[in-house]
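In: task: produce atomic coordinates for the following.
(2 chains)
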Number of protein chains: 2
Amino acid sequence: MKIEIINTGSELLLGATLNTHGAWIGDALFRLGLRVQRQNTVPDGEAITCALQEAMSRSDAVIVTGGIGPTSDDLSREALAKVLDLPLVEDPEALRAIQAYFTRLDRDMAEDNNKQAFKPEGCTCLPNHNGTAPGVYSPPELSPKQNCSVFLLPGPPGEMHPMFENELIPRLLEQADSLSESWSQPSIQTLRFTGIGESDFHARLNRAFSQIPHLEIGYCARPGELDLRLIGNRNSIEEAADLARSAFPKQCFSKSGQSLEERVVELLGKQGKQLSTAESCTGGRIANRITDVPGASSVFTHGFVSYSNEAKQALLGVEQGLLDQFGAVSEPVALAMAQGAREKSSADIAVAVTGIAGPDGGSADKPVGTVWLAVSTSKQNKAVHAYYPRGRENFKQLVSQKALDLVRLALEP
Amino acid sequence: MKIEIINTGSELLLGATLNTHGAWIGDALFRLGLRVQRQNTVPDGEAITCALQEAMSRSDAVIVTGGIGPTSDDLSREALAKVLDLPLVEDPEALRAIQAYFTRLDRDMAEDNNKQAFKPEGCTCLPNHNGTAPGVYSPPELSPKQNCSVFLLPGPPGEMHPMFENELIPRLLEQADSLSESWSQPSIQTLRFTGIGESDFHARLNRAFSQIPHLEIGYCARPGELDLRLIGNRNSIEEAADLARSAFPKQCFSKSGQSLEERVVELLGKQGKQLSTAESCTGGRIANRITDVPGASSVFTHGFVSYSNEAKQALLGVEQGLLDQFGAVSEPVALAMAQGAREKSSADIAVAVTGIAGPDGGSADKPVGTVWLAVSTSKQNKAVHAYYPRGRENFKQLVSQKALDLVRLALEP
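Out: Numbering: from 1, shown residues only, chains lettered A, B, ... in the order given. The predicted structure follows:
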């Protein structure tokens, strides 16, 4: 089945916004055993029509993101109507849903939103529970060659993703089934690692992987994290997963694509333990990641952001003498922060970080990127030094990753 | 001048790798007054030839990234030779440069690398000082319609970016100059708004905008935030920006694309004030956003994440009676949290949030999505109610946005 993506939005071509839809859709379809043949980005406006016509001429399905909002540069509906050579008609049910959306938010509906209830005649509006713009589905038989389905999806990820899952996937799979070519859902498993780089991982395991039949390997590296994607038959995947896990037992934190914070919350929950955080240089990122996980409230109650020395003293009871003698970015201060956080919150385990995120604040012996991390439990206090001279944003992410991993390692059975 | 980008690489379509080249090139060209008309992503292999042919038929310049490496799926050179109908010939100087690169790294050169010294006859190899693969430049006169230049650039950003700057830009600008159509560097301004939806904004201003000549309008909506992008000549942009600002004076937080947290840190810094945060349902996200801004340490010293009732009492001095009588998600508790945070930290201004992020924890009178926010200064304490039934991730982002905006409005002159 040939599938093509069209992402619309001038901001994507101006460089103002990174196109994340292409990768998200590619990944989601791949999990179903389908592959994207081509992806196109076009500016808002007339160019959509031309791109849609081309894509429909060579594909079985075209997925369009964006251009179905209420404003004058939103023209995906018009483009589809033109290519199908069908008039735009109002969908009364879609209009009611848009009105209900505004009522639920207790806001007045602007006149312009009416436009969003229109669809090319014979198409289906796809409900949007997270925004005003309904999607549009055009079945294959409406297309010029009667073989190509078209999906118009909203641009905001929070609206596009659920509509993709709930409305697009079932229709696309039905179409794939009806195509004479056979397709089968491959098995896929994603293992996640932290504390090991892609090239080291590759050097250690590539030869062994290459001897496993019916296996396709993919890597995805993010700051402080490496995904290993295994595609193939069950036996091959199992063999490769076992190899990877036994080569890097401590570094493997997930066998199912779970995030590091999800794993930490799961471990805490299973053991009935409470976590507390004391953050200087990460400024709340560790707490934010923990509380991104539904149900975090049962394992995380107190977090401290002690950005200044005064805050470290007042909130965590770090002694002035330690700060004077060793400086805020030091092993003794990290340890005192972790211990203070644990005691002030009555938590079972606490993690603390203190470092220099930059761009300012570095010195010759403590350059930007320097950080001390500490974990405190009733049994032991332990500190670790790290150095991430990689820019403020990467630094915060890498330190939060390391901190969560220290908690995980302290909890792993 | 019509410019098109082709990014090659199967990993971009599998979702394993985010395509950052499109945005980077779009931005780099826009700064020169040039715009990308379209961007395409194709898998490694034969598909490149077809995409190249199409793009060359409708453009003045085509920029290809990737597919010039040493492996068997690197076929951009072959694709270009095919479209130009020219043989591939070895470039002795390019071969010497590749050999020298390996010598410099003290590594043996693999046989496969020879392939990289080939180019379609009449083209120019572009030196690569950061990797083994030289780029290829095909001047307009070699193309079928004698009007389209082609650049083959390496995939790794560290190799592509310098080659783009040093080799591509001068050639592209020369071609732009030689085209009969005049081109001039357009002006661009991005204004940012919060607390106003895209459709309301559009309904209020679209008619007025449409009467301003030489103006291109673009919108980009994110949770709780709206970008208005103005492109055109200086006068038109100024007129449109004035219109937008006077229609929504309170909602406009940036005239230069600054983020909300950057604006808050800037206002605090200018006024020599300190901020403190007391977060329940956002779990550290407000503090994390503030500390994403370089220099935040001079205006933000203490942050509290009080996820439980006990933490609200212990860290912020919220009275048990208030929690019992009104519940944790209530106006009095939000006010007490803000006041407590301000007093415990000696900050000039504090913001507090308490709400129900979900998916659990809602009730009939306080459903998931309910939140109370409060701001406390020495002069006044003020609380606001909001309701964002939009899923945990959106909820956290929208509440942090509203909280930062309350701080901004309290500080705006």
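In: bridged to the residue nearest to A:Arg234 when sequence neighbours are not counted, which residues?
Out: What sits nearest to A:Arg234 in space, not counting adjacent residues and going by C-beta to C-beta, 6 or more residues apart in numbering or on different chains, is A:Ser187, at 5.4 Å. In this view, the C-beta of every residue, glycine as well, is placed from N, C-alpha and C. Judged by DSSP bridges, the bridge partners of A:Ser187 are A:Gly232.
In: the stretch 301-413 of chain A against chain B: which residues are in contact?
Out: A:301-308, A:310-311, A:314-315, A:344-345, A:357-361, A:392-393, A:396 (C-beta under 8 Å from any C-beta of the partner chain).
In: separation between A:Thr41 and chain B?
Out: Distance, A:Thr41 to chain B, using C-beta to the nearest C-beta, to the nearest Å: 4 Å.
In: over to A:Gln39?
Out: Counting by C-beta to the nearest C-beta - A:Gln39 and chain B are separated by 4 Å.
In: quickly find the element holding that residue.
Out: strand A:36-42 (DSSP states H and E).
In: so what's the residue nearest to A:Arg234 up against?
Out: A:Ile231, A:Gly232, A:Asn233, A:Arg234, A:Ile237 (C-beta atoms under 8 Å, 6 or more residues apart in numbering or on different chains).
In: got the residues of the stretch 51-200 of chain A near chain B?
Out: Near chain B, when you scan the stretch 51-200 of chain A using C-beta under 8 Å from any C-beta, you find A:51, A:54, A:69-73, A:104-107, A:110-113, A:130, A:132, A:155-156, A:158.
In: what's the closest of the contacts of A:Ser187 to chain B?
Out: Nearest to chain B among the contacts of A:Ser187, counting by C-beta to the nearest C-beta, is A:Ile231 at 9.4 Å.
In: got a list of what the closest one touches?
Out: A:Pro186, A:Ser187, A:Ile188, A:Leu215, A:Glu216, A:Ile217, A:Gly218, A:Ile237.
In: my guess is the third one meets A:Arg31, correct?
Out: Yes. In terms of C-beta atoms under 8 Å, A:Ile188 counts as a neighbour of A:Arg31; the distance is 6.0 Å.
In: pull out the buried positions in stretch A:52-62.
Out: Neighbour-count burial for stretch A:52-62 flags A:Leu52, A:Glu54, A:Ala55, A:Met56, A:Ser59, A:Asp60, A:Ala61, A:Val62 (criterion: 16 or more other C-beta atoms under 10 Å in any protein chain shown).
In: among those, name the ones in helices.
Out: Within those, residues falling in helices by DSSP state H are A:Leu52, A:Glu54, A:Ala55, A:Met56.
In: now these in TSV, with distance to B:Ala278 and pLDDT?
Out: Shown next, in TSV, are those (distance: C-beta to C-beta, whole Å; pLDDT from 0 to 100):
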residue	distance to B:Ala278	pLDDT
A:Leu52	50	96
A:Glu54	54	93
A:Ala55	51	95
A:Met56	54	96
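In: which one of those is nearest chain B?
Out: Of these, the one sitting nearest to chain B (C-beta to the nearest C-beta) turns out to be A:Glu54, at 7.7 Å.
In: for A:Arg38, see how far away that closest one is.
Out: Here A:Glu54 is placed at a distance of 10 Å from A:Arg38 (C-beta to C-beta, to the nearest Å).
In: do A:Ala247 as well
Out: Taken as C-beta to C-beta, the span from A:Ala247 to A:Arg38 is 37 Å.
In: just the helices in the stretch 101-250 of chain A please.
Out: Here the stretch 101-250 of chain A has its helices, by DSSP state H, counting those that start in this stretch, at A:157-163, A:169-178, A:198-210, A:234-247.
In: quick one, which of those helices is packed in tightest?
Out: helix A:157-163 (a mean of 20; mean count of other C-beta atoms under 10 Å in any protein chain shown).
In: alpha carbons only: can I get that helix in PDB?
Out: Provided in PDB are the C-alpha atoms of helix A:157-163 (Å, rounded to 0.1, in the frame of the first residue of the first chain):
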ATOM      1  CA  PRO A 157      -0.400  17.500  17.700                       C
ATOM      2  CA  GLY A 158      -2.800  17.300  20.600                       C
ATOM      3  CA  GLU A 159      -5.700  17.200  18.100                       C
ATOM      4  CA  MET A 160      -4.000  15.300  15.300                       C
ATOM      5  CA  HIS A 161      -2.700  12.300  17.300                       C
ATOM      6  CA  PRO A 162      -6.100  11.200  18.800                       C
ATOM      7  CA  MET A 163      -7.900  11.600  15.500                       C
END
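In: packing partners for that helix?
Out: Other helices and strands packing on helix A:157-163, by 3 or more C-beta pairs under 8 Å, 6 or more residues apart in numbering or on different chains; DSSP states H and E, are helix A:21-30, strand A:149-153.
In: any idea which of the ones you listed scores lowest on pLDDT?
Out: Mean pLDDT per stretch puts helix A:21-30 lowest among the helices and strands packed on helix A:157-163, at a mean of 90.
In: by contact count, what packs against it?
Out: strand A:3-8, strand A:36-42, strand A:61-65, helix A:157-163, helix B:10-14.
In: identify whichever of these lies nearest to A:Ala100.
Out: helix A:157-163 (15.6 Å; C-beta to C-beta).
In: below-threshold pLDDT in chain A: ranges please.
Out: A:180-186, A:199, A:220-221 (pLDDT under 70).
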